[in-house]
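S.K.: What shape does this take:
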Amino acid sequence: MRKSTNLKFNLIFILFTLLVTTIVIFTWEKMLRAPTFTWLDARYSWNSNDERWDYEQRVEHYIISTLVDVIVVTLLLRLVSRQQRKLRASEGRYRSLFEHAVTGIAILGAADHRLIDVNHKFGSILGYQPDELLGKEIDELGWRVSDNPAPVGLFKSLNGSLAGEKELLVKTASGSEVPVSVSSNPLSIDDENFIILLVQDISRRKRLEMEKEQMQRLLFQSAKLTSLGELSAGVAHEINNPLNGIINFAQLLKDDLSTLTETQQMMLDNIIGEGERISEIVRNLLTFARQDSTALARVDIAGTIMASLSLFSHQLHKDGIEVRVDVPDDLPPVLADKSRLRQVMVNMISNAHYALKAASSGEERLLFITGRASGAGAEQKVRIEFFDNGIGMSQEVIDKVFNPFFTTKRDDGGTGLGLSLSFGIVRAHQGNITVESVESSHTRFIIELPAVCAQNVEEIQRKAVA
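M.R.: Have a look, this model is predicted:
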């Protein structure tokens, strides 16, 4: 195709030159020859006609050839200049498209796989300036398949094909890895062989896929929890009936003091006491599982904490965890959705329980809950602290601990929503929740809520989010 184009151009050029030569000769003969030689004869004298003829031939040849050359060269230069402008404009357009493409583009030598040219997007994906990548062998960048920790050659990962697409991880200038989609195609220009490489950053797509999977898993978990709540409520109701019977029968036996020894009375007291304790746990379980209304009401912090603790008391005792509670009974109430605030307390205790279980077994394990009032009037707040001397958290974990779906308990069934929901609930009640922690030492969650007083009830009700 290229040879035929060149031959066509050469033929056109030859015909054009012949046409120009013919026009110049015709113009010379008809318009320029006579005035030119009349002018020469007036200024020069000739020794003979042969001398005059020879001179005329040379002048005529010179003028015709010069005119033809000037015309042809001028037209050729204009043609070349025009083509150069078109070429520069075309190159500028394609360079602009190359540099501003949303896909990373690189051109490699087919023989050595070294980078010849890259666009800005390719450099930004890898964290380099484009000039820093030129001359690098493509496998120096460190490619690997996500399920294989060992690096692999790029084209080896494409199964040796120059035309293929694959999702890989590539190492950036900072040492981190970015998931990318890589495709390649062979390219030939002027008998030279190249490979064009297209790279797309798929981090966002992977993150959305992961979030979708997490959401589906959480929806499934939510459905299971709903079913579990309904089952727990049914079981609790079933336990209540025989439990009340046990307590009543024990009370009847206790009332017949004439036939009971002191030891038997003590045993009946224990039966009644333990039965009432179980009954209290069942009531708290039913309250926690019930779908309460979201109306705000005055909530007693001390009572809410003790009711939440009752759900964990047996397990905390079994795991050798000492629980201390220092919450005054006269602590000012807060205006809140009771069920949601109870959910926050349960999350705090549950997280402390997990951290204490994971701590070294030889050390004393302590969960210490305190409550204090601070400030006065409309600025009065209730401050609740949950302290545990468990495994603590690193700064990296602290920075993410309130993020949705972030959890360090994934293998133990954690969803990463407990602290995120607690944060949202506390903030919705115009409060604040913070965390202080030292890794391998302790953790302290601090919750501050506005106390109820005549000056701020309407403001809390107006701002609280149901």
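
S.K.: I'd like to know how far residue 325 sits from residue 367.
M.R.: In this structure, residue 325 and residue 367 are 9 Å apart, going by C-beta to C-beta, to the nearest Å. In this view, the C-beta of every residue, glycine as well, is placed from N, C-alpha and C.

S.K.: Looking at these two now, which is surrounded by more residues?
M.R.: When residue 325 and residue 367 are compared for neighbours, residue 367 comes out ahead with 23 against 13, by other C-beta atoms under 10 Å.

S.K.: What is the helix or strand encompassing the more buried one packed up against?
M.R.: Assignment of secondary structure by DSSP states H and E places residue 367 within strand 365-374. Secondary-structure packing of strand 365-374 (3 or more C-beta pairs under 8 Å, 6 or more residues apart in numbering; DSSP states H and E): helix 301-310, strand 321-326, helix 338-357, strand 381-388.

S.K.: Quick one: closest of these to residue 363.
M.R.: Closest to residue 363 of the helices and strands packed on strand 365-374 is helix 338-357 (C-beta to C-beta; 9.6 Å).

S.K.: Now do the buried residues in that closest one.
M.R.: Within helix 338-357, the residues that qualify as buried by neighbour count (16 or more other C-beta atoms under 10 Å) are 338-357.

S.K.: for that helix, packing partners?
M.R.: With contacts defined as 3+ C-beta pairs under 8 Å, 6+ apart, the packing partners of helix 338-357 are helix 262-289, strand 297-299, helix 301-310, strand 321-326, strand 365-374, strand 381-388, helix 418-428, strand 442-450.

S.K.: How about residues contacting the strand holding residue 367?
M.R.: Strand 365-374 has contacts (C-beta atoms under 8 Å, 6 or more residues apart in numbering) with 301-302, 305, 309, 316, 319-328, 331-332, 349, 352-353, 356, 359, 380-390, 451.

S.K.: Looks to me like residue 403 is in a strand.
M.R.: No - the secondary structure assignment for residue 403 gives coil rather than a strand, going by DSSP: H, G, I helix; E, B strand; the rest coil.

S.K.: what's the nearest residue to it if we skip its chain neighbours?
M.R.: residue 420 (6.6 Å; C-beta to C-beta, 6 or more residues apart in numbering).

S.K.: just residue 240 next, same as before
M.R.: Spatially, and ignoring its direct neighbours in sequence, residue 240 is nearest to residue 282 (5.8 Å; C-beta to C-beta, 6+ apart).

S.K.: Next: residue 206.
M.R.: Excluding the flanking residues, the one nearest residue 206 by C-beta to C-beta, 6+ apart is residue 179, at 5.1 Å.

S.K.: how far away is that neighbour from residue 128?
M.R.: Summarising the geometry, the distance separating residue 179 from residue 128, computed by C-beta to C-beta, is 18 Å.

S.K.: and residue 279, how many neighbours?
M.R.: The number of residues near residue 279, taken as other C-beta under 10 Å, comes to 17.

S.K.: how much space between it and residue 51?
M.R.: Here the criterion is C-beta to C-beta. By it, residue 279 lies 144 Å from residue 51.

S.K.: what do you get for residue 150?
M.R.: Residue 150 is 93 Å from residue 51, by C-beta to C-beta.

S.K.: quick one: which of these two has more around it?
M.R.: Per other C-beta under 10 Å, whichever of residue 150 and residue 51 has more neighbours is residue 51, with 12 against 6.

S.K.: and residue 384, what is it in contact with?
M.R.: Here residue 384 is in contact with 301, 305, 327, 369-371, 446-449 (criterion: C-beta under 8 Å, 6+ apart).

S.K.: On the strand side of things, show who it bridges to.
M.R.: For residue 384, the beta-bridge partners are residue 371, residue 447 (DSSP bridges).

S.K.: Roughly how far does it sit from residue 396?
M.R.: Per C-beta to C-beta, residue 384 is found 26 Å from residue 396.
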